[in-house]
Every structure is written in C-alpha cells, then in structure tokens.
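Q: With the sequence up front, the predicted model follows.
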Amino acid sequence: MNDCIFCKIVNKDIPSKIVYEDDSIIAFDDINPEAPVHVLIVTKKHLTGINGVEKGDKEVLGQMFLVAKKVAEIKGVKDSGYRFIINSGRNGHQLIKHLHMHLLGGRDLGPKLVA
Ligand code: 5GP
Ligand code: ZN
C-alpha cells in the first residue's frame with residue numbers, strides 16, 4: 001500500500017490540486033486532464049477498485065456520488081453536463097489500483113463511451 005500514489009495524495013505526501021475533501025473522500029484535478037474539467041474522486045480508504053469493494057463500503061460508495069454532485073457544482077458544470085467513469089482492470093485501462101471515479105466536463109464529451 002505504501003507504493004500507492006493515491007494513498008500518498010490522501011496522506012498529503014505528494015501534492016495535488018484539491019477540489020473537495022471530507023472524512024472519507026478526496027477530490028483533486030487529474031494531472032493529465034482529458035477535458036477542461038477532469039477531477040478524480042478518490043476514497044481515502046485504499047480499495048483496489050470496483051472489484052475490491054464489499055458490503056461494508058456502501059456508505060463511502062454513496063458518498064462518492066454525493067461528492068461527485070458537489071464537485072460538478074464547484075467546477076460549474078452541474079447544468080452543462082458531465083460524465084463519470086470508473087475504469088476497472090486490464091480492458092478498462094485501470095492504471096491506479098486505488099478506487100477512483102473520473103468526473104469529466106466543460107465541453108461536449110460526445111455520444112460514445114468508448115473510442
Ligand atoms: P485510471 O486509468 O487508473 O482510471 O486513471 C488514473 C488517472 O490518474 C489518470 O487519468 C492519470 O492522469 C491520473 N494520475 C496519475 N498519477 C497522478 C498524480 O500523481 N496526480 C494526479 N493529480 N493525477 C494522477
Ligand atoms: Zn491507495
């Protein structure tokens with residue numbers, strides 16, 4: 001777990017542009033944005049991804065959605081629209097093995113979910 005880059009961001013061992021933070025979630029700008037708004041909504045608890053969640057994580061999973069709405073408001077895309085993405089595993093191109101949701105917006109994201 002010590003090698004996990006998102007745990008390091010959670011612990012403030014490496015800097016990030018924090019958009020929102022509470023007891024269970026941190027949200028920060030993606031370092032390599034793919035849209036004018038690209039925020040990562042990350043559980044403070046190290047969960048490996050969607051495959052790593054269990055019943056006991058229900059509350060934090062719900063909180064991710066509430067934070068997503070809040071981040072959309074903070075970033076001014078609540079009314080223009082946005083998209084959430086959670087990548088999982090090899091075919092999903094999950095790079096960081098710590099649960100996170102991408103929030104993308106600020107432009108027309110197109111009608112397709114995959115390239
Ligand atoms: P994944 O493919 O795992 O869903 O996405 C990982 C995301 O984390 C990528 O969009 C990548 O740009 C972002 N990322 C990787 N390292 C860092 C970092 O050190 N800081 C920030 N802010 N984002 C990062
Ligand atoms: Zn982690």
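A: That came through fine. Ligands and ions are numbered 1, 2, ... in the order given.
Q: Residues contacting the top helix by length along the chain, please?
A: As assigned by DSSP state H, the longest helix anywhere in the chain is helix 58-74. With contacts defined as C-beta atoms under 8 Å, 6 or more residues apart in numbering, helix 58-74 is touched by 19-20, 22, 24-25, 27, 39, 41, 43, 45, 53, 78, 82, 84, 101, 103, 105. Where C-beta positions appear, they are placed from N, C-alpha and C, glycine not excepted.
Q: Wondering if the following helix or strand past that helix reaches ligand 1 at all.
A: As assigned by DSSP states H and E, the chain's next helix or strand after helix 58-74 is strand 82-85. No. Taking C-beta under 6 Å from any ligand atom as the criterion, strand 82-85 and ligand 1 are apart, separated by no less than 7.3 Å.
Q: ditto for stretch 57-69
A: No. Taking C-beta under 6 Å from any ligand atom as the criterion, stretch 57-69 and ligand 1 are apart, separated by no less than 13.8 Å.
Q: buried ones in that stretch?
A: Neighbour-count burial for stretch 57-69, counted by 16 or more other C-beta atoms under 10 Å, picks out 57, 60, 63-64, 67-68.
Q: Arrange those residues in TSV, one row each, with pLDDT as further columns.
A: Shown next, in TSV, are the buried residues of stretch 57-69 (pLDDT from 0 to 100):
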residue	pLDDT
57	98
60	98
63	98
64	98
67	98
68	98
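Q: Thanks a lot, catch you later.
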